[in-house]
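Asks: Fold the following, please.
(3 chains)
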Amino acid sequence: MGHSAYIRIYAVIRRIPKGRVATYGQVARLAQLPGHARQVGYALSALQETQEHEVPWQRVINAKGEVSARSIPDYENVQQKRLKAEGVIFDAKGRISLARFQWKATTKNHFRRLAM
DNA sequence: ATGGTGACGACGG
DNA sequence: ACCGTCGCCACCA
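Replies: As a prediction, this is how the structure comes out:
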């Protein structure tokens, strides 16, 4: 996959507004890596090691509207807390309504920002 | 080389 | 709506 792909993935995630979420697949498509949802997760786990970033990783969730399970114990709760702090609401089953909270990126903004 | 492993997702039953 | 299966593909041992 390569460095530049990670850069594009992070660039997309940085555009997710506070209080909104995007799915892994959505981020992949916006980063021009359609079908590479799993690689988005990979890019995010690489991020944790470097802690020197402004990437709102908590805003990336899976297509079911839930925070994805992690190998790191209890990390899902950390992500949930950060999202709740932004006003994102979880239902009784721990799911987020994508209809309500999913970020709708415009194609126009997308390509303009990619160019810089 | 190569087979196992995911912070995934579409699909079918 | 819930689950199992499968396709996906970069990593890693």
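Asks: Give me the phi and psi for the residue of chain A most remote from its centre.
Replies: Distance from the centre of chain A peaks at residue A:92, with 21.8 Å (Cα atoms, centre = their mean). The phi/psi pair for residue A:92 (degrees, to the nearest 10) reads phi -60, psi -30.
Asks: hey, C-alpha coordinates of the longest helix anywhere in chain A in CSV?
Replies: For chain A, the longest helix by residue count, based on DSSP state H, is helix A:37-50. Provided in CSV are the C-alpha atoms of helix A:37-50 (Å, rounded to 0.1, in the frame of the first residue of the first chain):
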residue,chain,number,x,y,z
ALA,A,37,-11.9,-0.5,3.7
ARG,A,38,-9.6,-2.9,5.6
GLN,A,39,-6.6,-0.8,4.7
VAL,A,40,-8.2,2.2,6.3
GLY,A,41,-8.2,0.3,9.5
TYR,A,42,-4.6,-0.6,9.0
ALA,A,43,-3.7,3.0,8.5
LEU,A,44,-5.5,3.9,11.7
SER,A,45,-3.7,1.4,13.8
ALA,A,46,-0.4,2.6,12.4
LEU,A,47,-1.5,6.0,13.7
GLN,A,48,-1.8,5.1,17.3
GLU,A,49,1.9,4.4,17.6
THR,A,50,2.9,7.9,16.5
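Asks: Give me the contacts around it.
Replies: For helix A:37-50, contacts defined as Cβ atoms under 8 Å, 6 or more residues apart in numbering pick out A:1, A:5-6, A:9-10, A:13, A:23-25, A:27-28, A:31, A:33, A:53, A:55, A:57, A:60, A:68. C-betas here are computed from N, CA, C, even on glycine.
Asks: Show me which of those are buried.
Replies: Neighbour-count burial (16 or more other Cβ atoms under 10 Å) is assigned, among the contacts of helix A:37-50, to A:5-6, A:9-10, A:13, A:23-25, A:27-28, A:31, A:33, A:55, A:57, A:60.
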